[in-house]
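# give me a model of this one.
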Amino acid sequence: MGEMEVPATARYGASTHRALLNFPISGYRFGRRFIRALGLIKYAAAMANELLGRLDPVRARVIKEAAREVMDGKHDDQFVLDVFQTGSGTSTNTNANEVIAHRSNELLTHGEAAGPQSELRVHPNDHVNMGQSSNDVIPSAIHIAAVEALKADLMPALHRLHNALKAKAEEFDSIVKIGRTHLMDATPIRLGQEFSGYASQIEHADRRLMQKIVTLRELPIGGTAVGTGLNTHPDFARRVCEIINHETRESFQEAANHFEAQHAKDAVVAASGALKVLAISLTKIANDIRLLGSGPRCGIGELLLPTIQPGSSIMPGKVNPVIPEAVLQVCAQVVGSDAAITYAAGLLGNLDLHVGMPVMAHNLLESIRLLANACNVFVDKCVSGIQANRQRCEELIERSLAMCTSLAPVIGYDAAAAIAKEAHSTGKTVRQVASEKGILEPARLEELLDPRWMTHPA
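Numbers count the residues shown, from 1 in each chain. This is a model prediction of the structure:
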C-alpha cells in the first residue's frame with residue numbers, strides 16, 4: 001500500500017497510523033478496561049505458545065513483559081484509533097500487536113534480554129499475534145473487559161445502592177403515608193415499604209447481571225479467522241484461558257461453539273439488555289424520589305433530599321433534585337447505548353463474522369462505567385442523606401379520600417363512595433364525615449381508619 005510516515009515517538013507502526021488517518025470520525029477511544037484485556041490476551045497467548053513449543057523463550061519473555069506493561073496502562077497513549085473503524089476491530093488488534101512488538105524489540109535491544117540474542121526481532125503478526133486473529137481476539141477482549149468491569153465496578157456499586165435503600169426501608173418503616181396509583185390518591189402505604197421495593201429492584205438487577213457474566217465467561221479465543229481454529233494449536237485456547245484465569249482469578253473458558261462465538265454477539269446483546277433493565281429500574285427509583293421530594297411547600301414534599309447546590313440563577317433559595325436528574329440522564333444514555341448495540345448486533349452479524357464489534361464494545365463498557373459511577377454518586381450524595389417529612393406524610397394521609405377504602409367491606413362500596421363524595425365536596429376528611437353520620441361505633445371507626453392497619457393484609 002506504499003510508504004507510510006509514522007511519528008518518531010510512536011510505538012505503533014504503519015498499519016495503525018494508516019488506520020488513524022482513515023477513521024477521523026468521533027474522537028472516542030477504547031478505554032482502560034478494553035486495553036487491559038487486549039494486553040492480557042497477548043500476554044496469555046505468548047505464554048501459551050511458549051508452553052506449546054511454538055514460540056522461543058526469548059521472544060516469549062519480552063512479549064510477556066511488553067504485554068504486561070499494556071495491561072498496566074503504561075502505553076495507553078499509544079492506542080490512538082477511533083472506535084468507529086473496521087467492524088472486526090482489526091485496526092485495534094493491529095495497534096496492540098505493533099505496540100507490543102515495538103516495545104519487545106526495545107527490550108531485546110536495551111533491556112535485560114539484550115546480549116547474544118539481541119539480533120532477534122519480534123514481529124507483530126508472526127510472534128505477538130501467533131495463533132490468533134482479530135476475529136477471536138477482539139470479541140474475547142470485549143468479554144474479559146465486560147466481566148472485569150461488571151465485577152469490579154458496577155456490582156460493588158449496586159451492592160452499595162442496595163444496602164443504602166434497604167437501610168432507608170428499615171429507617172422509614174414506621175412512617176405511614178398515602179399511596180398513589182395513576183398519580184392519584186390510593187390506600188396508605190408505609191414509606192419503608194416503598195423503599196423496600198426500590199431495594200428489591202436493585203437486588204434483582206444484580207442477579208440478572210450475574211447470569212450474564214456466566215455467558216460472557218465463554219471466550220472465542222482459538223477460533224482464529226472464522227471459528228475453525230486454522231493456524232493455531234489445538235490446546236492453545238485452553239491454555240490461554242487457564243493463564244487468563246490465573247491472572248484474573250476468574251473462570252473463563254473456551255467457547256463451546258466457536259462459530260456461534262464469532263459469528264454472533266448474543267452474549268453482548270444479553271448483557272446490554274440487563275444493563276438496560278437496570279437503567280429502567282434506576283429511572284423508576286430516581287423519578288419516584290424526586291417526585292416524593294417535590295416542593296418543598298407546594299409539591300408532595302414527603303421526602304427531604306440533601307441540599308447540595310443552589311438550583312437557580314434567578315430564584316434565590318431554590319434547590320433542585322440534581323442527583324436524581326443526573327442519574328436519569330445516565331439511564332437515558334444507557335438505553336440509547338443498548339439500542340445501538342441491538343441494532344449493530346442485528347445489522348452487522350452477517351455470515352461468518354460479526355462486523356459491529358467496536359461500537360458494541362464501546363457502548364457496553366461505557367454503559368457499565370456510567371452506571372457504576374451514577375450508582376455511587378446516587379448513594380453518596382442523595383440516598384444516604386434522604387430524610388422523611390413525617391408531618392407532611394401524616395397531613396396528606398388524613399386528607400385522602402382513599403381512606404374510605406377500609407370502610408367498604410363493613411358498610412358496603414356504595415355507602416363508602418358516598419362518604420368519599422361528600423368529603424370531597426365539603427372539604428372535610430373521610431373521618432369527619434363518617435363520624436358525623438354515625439355509621440359505626442367511634443371505637444370501630446377509629447380501628448378501621450387507622451392508616452398503619454391499612455398497610456398489611458387484614
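
# and stretch 329-346, which residues are buried?
330-331, 333-334, 337-338, 340-342, 344-345 (16 or more other CB atoms under 10 Å). All C-beta spots, glycine's among them, are computed from the backbone N, C-alpha and C.

# to clarify, my last question referred to stretch 47-55.
47-52, 55.

# pick the one among these closest to Pro156.
Nearest to Pro156 out of those is Met47 (CB to CB; 29.7 Å).

# quick one: secondary structure of that closest one?
What DSSP: H, G, I helix; E, B strand; the rest coil gives for Met47 is helix.

# how far does stretch 287-306 sit from its chain's centre?
Distance of stretch 287-306 from the chain centroid (CA atoms, centre = their mean, to the nearest Å) equals 27 Å.

# dump the buried residues of stretch 47-55 to a markdown table, plus pLDDT.
Below are those laid out as a markdown table (pLDDT from 0 to 100):
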| residue | pLDDT |
| --- | --- |
| Met47 | 98 |
| Ala48 | 98 |
| Asn49 | 98 |
| Glu50 | 98 |
| Leu51 | 98 |
| Leu52 | 98 |
| Leu55 | 97 |
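
# Throw those residues into CSV and include distance to Phe30, thanks.
Below are the buried residues of stretch 47-55 laid out as CSV (distance: CB to CB, whole Å):
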residue, distance to Phe30
Met47, 23
Ala48, 24
Asn49, 25
Glu50, 27
Leu51, 29
Leu52, 29
Leu55, 26
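
# picking up where we left off before, which pair in the buried residues of stretch 329-346 spans the largest distance?
Val330 and Ala345 (22.2 Å).

# if we look at stretch 433-450, which residues are touching it?
Applying CB atoms under 8 Å, 6 or more residues apart in numbering, the external contacts of stretch 433-450 come out as 403-404, 406-407, 410-411, 415, 419, 422-423, 426, 430-431, 453.

# with stretch 319-338 instead?
Taking CB under 8 Å, 6+ apart as the rule, stretch 319-338 contacts 272-273, 275-276, 278-280, 282-283, 286-287, 289-290, 293-294, 296, 305-312, 363-364, 366-367, 370-371, 373-374, 377-378, 381-382.

# okay, Leu282: pLDDT?
Per-residue confidence at Leu282 stands at 98 (pLDDT).

# that one and Val377 touch, don't they?
No. Counting by CB atoms under 8 Å, Leu282 stays clear of Val377, with 11.5 Å between them.

# which of these two has more residues huddled nearby?
Between Leu282 and Val377, Leu282 has the larger neighbour count (other CB atoms under 10 Å), namely 26 against 16.

# for Gln132, see how far away that one is.
38 Å (CB to CB, to the nearest Å).

# strands along the stretch 151-300 of the chain, start to end?
176-181, 184-190, 218-219, 253-254 (DSSP state E, counting those that start in this stretch).

# for those strands, could you give me JSON lines that also reports mean pLDDT?
Shown next, in JSON lines, are the strands of the stretch 151-300 of the chain (pLDDT from 0 to 100):
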{"stretch": "strand 176-181", "mean pLDDT": "95"}
{"stretch": "strand 184-190", "mean pLDDT": "93"}
{"stretch": "strand 218-219", "mean pLDDT": "98"}
{"stretch": "strand 253-254", "mean pLDDT": "98"}
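
# what sits against Glu106?
Contacts of Glu106 by CB under 8 Å, 6+ apart: none found.

# got a pLDDT number for the most centrally placed residue in the chain?
Closest to where the C-alpha atoms of the chain average out (CA atoms, centre = their mean) is Ile368, at 2.9 Å. At Ile368, the pLDDT value in this model is 98.

# out of the contacts of stretch 433-450, the closest to Met155 would be?
Met155 lies nearest to Trp453 out of the contacts of stretch 433-450, by CB to CB, at 39.4 Å.

# checking Glu366 next. Helix, strand or coil?
Per three-state DSSP, Glu366 ends up helix.

# how much space between it and Gly31?
In terms of CB to CB, Glu366 sits 8 Å off from Gly31.

# do the same with Asn163
On the measure of CB to CB, Asn163 and Gly31 end up 28 Å apart.

# ok, those two, which is more surrounded?
Remark: of Asn163 and Gly31, Gly31 carries more neighbours, 19 against 15, as counted by other CB under 10 Å.

# measure the closest residue to that one other than its chain neighbours to Leu348 for me?
In this structure, Gly31 finds its nearest non-sequential neighbour in Leu365, 5.9 Å apart by CB to CB, 6 or more residues apart in numbering. Distance of Leu365 to Leu348, given as CB to CB: 18 Å.

# more neighbours: the two, which one.
The residue with more neighbours, out of Leu365 and Leu348, is Leu365; 24 against 17, by other CB under 10 Å.
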